[in-house]
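1. dropping the sequence and predicted coords here.
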Amino acid sequence: MSRQQKITEQDARAACLQLQHEAETTGRQPSVLALSRRLGLANTTLRRRFPDICAEVAVRRAQPALPAGALDTTGYETLQKDVARLRRDNQDLTENLEMAIANIQRLTIENHRLRQALEEAHKVARIPTRRST
């Protein structure tokens with residue numbers, strides 16, 4: 001049984017930085033799997049020992065790659081695009097919510113009518129409930 005070399009957090013961060021530099025030249029986002037291979041660890045071992053580093057890599061990987069000419073946009077233009085996207089999303093969600101409310105109302109009325117029909121078919125007499133005053 002051979003002993004593996006102890007990998008520190010500094011080693012993992014250095015390997016992560018190397019992957020990032022390589023990603024800048026190749027255009028491919030670094031992944032946790034590539035980092036684990038670089039360090040010679042199993043993927044699960046890397047995730048268990050360095051969860052914060054893996055989370056950082058996953059966040060960077062989830063960010064979309066910048067298209068050509070994206071560096072020309074200012075922060076204000078980016079903010080405007082984000083606001084426009086959020087407004088569209090908000091409008092879509094509002095429409096979906098209104099549709100859901102209408103369906104719930106329709107189903108409630110339909111349920112009430114079906115219960116009445118069932119009670120009439122089985123000749124069920126309702127017993128009035130006492131109201132506390």
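-> That came through, no problem.

2. could you list the domains of the chain?
-> Under the assignment automatic domain parsing, the domains of the chain span 1-65, 73-124.

3. can you give me the helices for this protein?
-> 9-26, 32-39, 43-49, 51-62, 75-121 (DSSP state H).

4. what about the first one, average pLDDT?
-> pLDDT averaged over helix 9-26 equals 86, rounded to a whole number.

5. and for the fourth one?
-> When the per-residue pLDDT values of helix 51-62 are averaged, the result is 85.

6. tell me which other helices or strands it touches.
-> In this structure, helix 51-62 packs against helix 9-26, helix 32-39, helix 43-49, with contacts taken as 3 or more Cβ pairs under 8 Å, 6 or more residues apart in numbering; DSSP states H and E. In this view, the C-beta of every residue, glycine as well, is placed from N, C-alpha and C.

7. pLDDT weak spots in the protein?
-> Within the chain, the ranges that satisfy pLDDT under 70 run 1-5, 64-73, 132-133.
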